[in-house]
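Trainee: Have a look; sequence and predicted model below, questions after that.
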Amino acid sequence: MQAASTCRILPTHTAALFQAAVKQAAELLRAGELVALPTETVYGLAANALDARAVAGIFAAKGRPAENPIIVHVASLEMAQACVADWPPEAAQLARAFWPGPLTLVLPRAARIPDVVTAGGPTVGVRWPSHPFIQAVIRECGFPLAAPSANPANRISPTNAEHVRQAMGDKVRLIVDGGQSQVGIESTVLDLTVRPPQVLRPGMVHAESLRAALRTSESSESLPAIPSSALRTPHLRSPGRLPRHYSPKAELRVLAWRDEGDLKSQISDFKHEPGKVHVIAHTVIPGGAGWGRVSVIPHDAEAFARAIYAELHACDELSAGLIVVEAPPETDEWQAIRDRLKRAAAS
């Protein structure tokens, strides 16, 4: 474990700083070390995906369960194809439509991918992220990166460098500051090893968009979300499937309320002092008096996704006892947000 004082945060806001950070990150990754890097979804804790010992370091640093696989990040189609044993036409269609971007494709793994990456399973999740910094690092390294979120297992994913420093600064030598993550929640994960393909983890690439990209394929007729029973299969095929995940330190509840009085009535059952209750709202907004904190995220799924983890981090930093999040709409565009909040609220 590295001492907190050895952790450096490198800026990237000029071309010279960007290139210097790329070189330093790649040097550490080639040496088998861990580096926290920005992506457009959340910040990742990266290691050489072809180095089993380096990837094992990710599990140790995060306290991540060994049965939870890690997504492999690439910077070209050729690198993606080298990570898998089969590249079906559906993968090519989806890559053309959504890569680089927040979509992970689950495919049969290539022999070169270590067991530790896939939790011993026969498949691997592969993604080409759109953030220019992680792309540049992967190209500089010449190998793919295993990169789950840069936070302790089951806790809130980081969306900026400061979140990483607070959560993992004693476990990583280098954090690269690439600005605020612009998607804000983890990628959509689509399993292409089954027919029809299954959404293993919803994200901001929605099923309707996936169906449109696959419209010339028989696979486009249905893209069901995988049921909870998948947790009982021998191997998880995607991260983000454990019942409790993305959780703040405070208790979290997802509620719908008619007005402020209704909200106060509902939270009275949870035995928290009002001054320790933090409210995150998007439509029915309570007044600020009497609450620990009231924050408002626009009633827009993309804006909500960009902001929700940062709001949960802020609540934890202010020692909230209870975080109440206004329930999102029951529409497809909010599916990924509902998924994250459900897991964050699980006991």
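Mentor: In hand now; what should we look at?
Trainee: which residues in the stretch 51-200 of the chain form strands?
Mentor: With DSSP state E, counting those that start in this stretch as the criterion, the stretch 51-200 of the chain has strands at 72-73, 103-108, 123-127, 145-146, 174-176, 188-191, 198-201.
Trainee: Take the ones you listed and write them to a markdown table, including mean pLDDT.
Mentor: Below are the strands of the stretch 51-200 of the chain laid out as a markdown table (pLDDT from 0 to 100):
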| stretch | mean pLDDT |
| --- | --- |
| strand 72-73 | 98 |
| strand 103-108 | 98 |
| strand 123-127 | 98 |
| strand 145-146 | 98 |
| strand 174-176 | 98 |
| strand 188-191 | 97 |
| strand 198-201 | 95 |
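Trainee: Any chance of TSV for the ones you listed, columns mean neighbour count and distance to residue 344?
Mentor: The way it works is simple: take the backbone N, C-alpha and C, and place the C-beta from them, glycine included. Shown next, in TSV, are those (neighbours: other Cβ atoms under 10 Å; distance: least, Cβ to Cβ, whole Å):
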stretch	mean neighbour count	distance to residue 344
strand 72-73	28	24
strand 103-108	24	20
strand 123-127	26	21
strand 145-146	30	24
strand 174-176	25	24
strand 188-191	26	18
strand 198-201	23	14
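Trainee: how about those in JSON lines, adding distance to residue 266?
Mentor: What follows is the strands of the stretch 51-200 of the chain, written out as JSON lines (distance: least, Cβ to Cβ, whole Å):
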{"stretch": "strand 72-73", "distance to residue 266": "41"}
{"stretch": "strand 103-108", "distance to residue 266": "36"}
{"stretch": "strand 123-127", "distance to residue 266": "38"}
{"stretch": "strand 145-146", "distance to residue 266": "42"}
{"stretch": "strand 174-176", "distance to residue 266": "39"}
{"stretch": "strand 188-191", "distance to residue 266": "32"}
{"stretch": "strand 198-201", "distance to residue 266": "29"}
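Trainee: Nearest to residue 52 among the ones you listed would be which one?
Mentor: For those, the distance to residue 52 is smallest for strand 145-146, at 10.0 Å, taking Cβ to Cβ.
Trainee: Pull the residues that contact that closest one.
Mentor: 29, 37, 44, 46-49, 54-55, 58, 70-73, 117, 134, 137-138 (Cβ atoms under 8 Å, 6 or more residues apart in numbering).
Trainee: Could you point out which of the strands of the stretch 51-200 of the chain sits nearest residue 63?
Mentor: Residue 63 lies closest to strand 145-146 among those, at 16.2 Å (Cβ to Cβ).
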